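Undergrad: mind folding the following:
(one chain, ligands or ions: 2)
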Amino acid sequence: MSTVLRLTKQRRAVLDIVVSASDHPTAAEIMERLQDRGQRFAYGTVYNSLKFLTTAGLVREVQVGDGGAAHYDGRTDEHSHIICSRCQAIDEFDWPQRDVMIEYAKAQTRFEVRDASLVFEGLCPTCQADASHGQEGM
Ligand SMILES: [Zn+2]
Ligand SMILES: [Zn+2]
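TA: Ligands and ions are numbered 1, 2, ... in the order given. Next up, the predicted model:
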């Protein structure tokens with residue numbers, strides 16, 4: 001894609017972080033990871049780069065959980081997210097019935113559907129393991 005070729009050094013660095021991450025980092029987390037790599041950009045630069053990359057369709061902005069900070073996703077195809085209610089870890093899964101669900105929504109509400117997302121909440125494997133350790137003495 002020609003957009004990739006025109007990426008500035010900053011945008012390319014931000015894209016690299018998001019694409020290589022599997023945990024859907026926030027802008028603040030992306031900034032920390034850039035610093036860990038010795039790349040110090042102003043918060044505004046990181047924020048604007050994310051905005052540009054989202055508009056260009058190279059990353060996706062994901063709203064999950066309490067509606068706080070946006071998370072960024074290097075996976076741009078349709079999929080759904082699940083968030084851990086204990087540690088806020090985010091994972092993703094395929095949503096094979098998406099088209100069917102959109103048809104239901106259209107038929108039942110007469111809305112023109114522009115976007116559809118499904119967010120599940122639960123306890124991640126790490127937290128499940130922690131919880132069962134806590135019950136061992138019982
Ligand atoms: Zn968890
Ligand atoms: Zn995702």
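
Undergrad: when you work out contacts or count neighbours from here on, use the C-alpha atoms and nothing else.
TA: Noted.

Undergrad: helix or strand right after the worst-scoring helix or strand of the chain on mean pLDDT?
TA: Least confident helix or strand, the chain: helix 2-5 with a mean of 53, by mean pLDDT, DSSP states H and E. Sequence-wise, the next helix or strand downstream of helix 2-5 (DSSP states H and E) is helix 9-20.

Undergrad: what comes up buried for that next one?
TA: For helix 9-20, the neighbour count (16 or more other CA atoms under 10 Å) marks 10-11, 13-15, 17-19 as buried.

Undergrad: with stretch 115-132 instead?
TA: 120, 123-124, 127.

Undergrad: nearest to residue 59, of those?
TA: Nearest to residue 59 among the buried residues of stretch 115-132, counting by CA to CA, is residue 120 at 21.0 Å.

Undergrad: wait, that closest one sits on residue 85?
TA: No: with contact defined as CA atoms under 8 Å, residue 120 does not count as touching residue 85 (9.8 Å).

Undergrad: what's the overlap in contacts for the two?
TA: Here residue 120 and residue 85 share no contacting residue, scored by CA atoms under 8 Å, 6 or more residues apart in numbering.

Undergrad: which intervals of this protein have sub-threshold pLDDT?
TA: Scanning the chain for pLDDT under 70 picks out 1-5, 65-67, 134-138.

Undergrad: please parse it into its domains.
TA: 1-76, 77-138 (automatic domain parsing).

Undergrad: how about the host helix or strand of residue 31 as CSV, C-alpha atoms only?
TA: Using DSSP H and E, residue 31 sits in helix 27-36. What follows is helix 27-36, C-alpha atoms only, in CSV (Å, rounded to 0.1, in the frame of the first residue of the first chain):
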residue,chain,number,x,y,z
ALA,A,27,-1.5,5.2,23.7
ALA,A,28,0.2,5.5,27.1
GLU,A,29,1.5,1.9,26.9
ILE,A,30,2.6,2.4,23.3
MET,A,31,4.6,5.4,24.5
GLU,A,32,6.3,3.4,27.2
ARG,A,33,7.3,0.7,24.7
LEU,A,34,8.7,3.3,22.4
GLN,A,35,10.8,4.6,25.3
ASP,A,36,11.9,1.1,26.2
